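S.K.: Here's my sequence, what's the structure:
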Amino acid sequence: MIAIAFSFAANRFHATQWGRHVNEGAVEWPPSPWRILRALVAAWQRTLPEMPPERVVPVLEALAQESPRFHLPPASTGHTRHYMPQRSEGDRTLIIDSFVSVSQEQPVVALWPGATLSREQTESLSQLLANLAYLGRAESWCTATLVDAPPEPNCHPLVEASVPAGDWETTRVLVPESPLRLKHLCVETAELRRSKRIDPPGARWQQYVRPIDCLRGVDRESPTGRHVSGTRPTVFRYALAGTVVPLITDTLRLAELARRAAMAHYGRATGGEASPILSGKDADGAPLAGHRHAFYLPTDEDEDGYLDHLNVWAPAGFGEAELRALARVSTLNAGAGRAPVTLAFLGCGHPQDFEDSVPVFRKALAWRTVTPFVMNRHVKLRGIGEKRVVDGPLDQVWREIERRPQIDSRLDRVEYAPPLTLRRWRKVYPLEFHRWRPGKPQGGSAFNACIHFSEPAAGPIALGFGCHYGLGLFMPLPLEGG
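M.R.: Residues are numbered from 1 along each chain as shown. Sure thing, here's the model as predicted:
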């Protein structure tokens, strides 16, 4: 048996899957055996040129005789963007540097169960590993060592009838062919381009099975790990990322996608059952009363006009099944040519767990809308002669607050608010917001409002039509432009 542990000093593994463009963002996970062997050859020829081929080639041949198993620690994905200069002055091209984020304290372990080395060959491999500075791109600094007692592998080559029980997915991994030829490991990318090849000679694609959530972060297996209270969590919080993140005016669209994704994951895990907490409907499909089910609240917390977080809040609390469904939501696909949105789990708990750092969960005397309040009912005129307004816009805000048991502070006054002002003094008007759901009744007029309490009221506060989808969301004052 041969087992090698790779620890990434910068907590990142940078490597694009072979044959994919760097801007596709397709990360390689696990590290391919082909890449590992090429890294060993590079370490040999650059740092140990005095070591004769007779000591190195047998080691490489032993590693090429079988496709290794892997132990993959908890990991997630990320990317940075760089605008690189071109030949023409002033021209720039976008390069997306995608990577796997993995703790250096939890190494990736590659395991060859049937491979054996002599004592001299083991010493040669140890020397090569000691001189291995990186794996993947040059910024993937790593240390590599032989281990005697490797952890149980959770990523295997896929052969007939080998898929274990549980939730798994397949991925293509580039592996060396056997018998191995050293010259194939030394082929440069430029040479492949000249010969119009994508796959290098001496390599083949092998299907591997890996845990379906292997790139969904440390806490996704146990989503309750970050909350400290003993009762059922009521908040599940994500950060948003993507090549194009949604505008704040697409709040309702994003919330609708998040609700669908959470319900789909819940249904797949429970044999088609529906969660009243996630869906807002009872077993007969009737809407729940009392606003105790999930609010899907996208937020723009840096006030740049783009949504950067998603907060799912259910006053009734999430059960274990709901938490696991929410933990599996990692991508929202809007379709119709729109870029997908990636969700990164930040934590779950209760509003008080986040009030120091997240505005929507704070306590405040005064609040204003950051998404418009949309009326549920039409304004009416009553009386004989001089008509009086019934169910006016501000009256509807009063009534909404009176019907929310979660808001236990006394309301002093309600008033209209000016348009929301973002950074760089851009104003966003209520009519710019998407305010209807496909196939559902439309809401009424939309406006901005301020509410003032006699004592601090705790958030979140979302009122009116579409409040479970982020409309009518209030933030504490003072707020720039408020």
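S.K.: Residue 40 and residue 138, how far apart?
M.R.: 16 Å (Cβ to Cβ, to the nearest Å). C-beta coordinates here come from the backbone N, C-alpha and C atoms, glycine included.
S.K.: When those two are compared, which one has more neighbours?
M.R.: A direct count of neighbours by other Cβ atoms under 10 Å for residue 40 and residue 138 places residue 40 higher, at 24 against 8.
S.K.: Quick one: list the elements packing against the helix or strand containing the more buried one.
M.R.: Per DSSP states H and E, residue 40 falls inside helix 33-47. If you count contacts as 3 or more Cβ pairs under 8 Å, 6 or more residues apart in numbering; DSSP states H and E, helix 33-47 packs onto helix 53-64, helix 119-130, strand 168-176, helix 182-185.
S.K.: which residues sit against that helix?
M.R.: 4, 15, 18, 28, 51, 56, 59-60, 63-64, 67-68, 110, 125, 128-129, 131-136, 173-176, 180, 182, 185-186, 200, 203 (Cβ atoms under 8 Å, 6 or more residues apart in numbering).
S.K.: got it, and stretch 129-138?
M.R.: For stretch 129-138, using Cβ under 8 Å, 6+ apart, the contacting residues are 4, 6, 8, 13-15, 28, 31, 35-36, 39-40, 43-44, 47-48, 140-146.
S.K.: again, but for stretch 111-127
M.R.: With contact meaning Cβ under 8 Å, 6+ apart, stretch 111-127 is reached by 1-3, 40, 48, 51, 55-56, 58-59, 62-63, 65-66, 68-71, 145-146, 150, 153.
S.K.: Show me just the buried residues among those residues.
M.R.: 2-3, 40, 55-56, 58-59, 62-63, 66, 68-71, 150, 153 (16 or more other Cβ atoms under 10 Å).
S.K.: max-length helix in the chain?
M.R.: Identified as the longest helix of the chain according to DSSP state H is helix 251-269.
S.K.: contacting residues around residue 449?
M.R.: Residue 449 neighbours (Cβ under 8 Å, 6+ apart): 368, 369, 373, 393, 394, 397, 414, 415, 416, 417.
S.K.: switch to 10 Å and redo it
M.R.: By Cβ atoms under 10 Å, 6 or more residues apart in numbering, residue 449 lies in contact with 367-369, 372-373, 393-394, 396-397, 414-417, 463-464, 472, 474.
S.K.: And for residue 255?
M.R.: By Cβ under 10 Å, 6+ apart, the residues touching residue 255 are 294-298, 307, 310, 312, 332, 371, 437, 466, 468-471, 473.
S.K.: redo that, cut-off 6 Å
M.R.: 296, 298, 469, 470 (Cβ atoms under 6 Å, 6 or more residues apart in numbering).
S.K.: And for residue 267?
M.R.: Counting by Cβ under 6 Å, 6+ apart, residue 267 has no contacts.
S.K.: Look up phi and psi at residue 427.
M.R.: Backbone geometry at residue 427, expressed as degrees, to the nearest 10, gives phi -100, psi 140.
S.K.: Now do the same contact list for residue 460.
M.R.: 313, 360.
S.K.: one more time with 8 Å, if that's ok
M.R.: 295, 297, 311, 313, 351, 360, 361, 473, 474.
S.K.: which one of those has the most neighbours?
M.R.: That'd be residue 473 among the contacts of residue 460, by other Cβ under 10 Å, with 28 neighbours.
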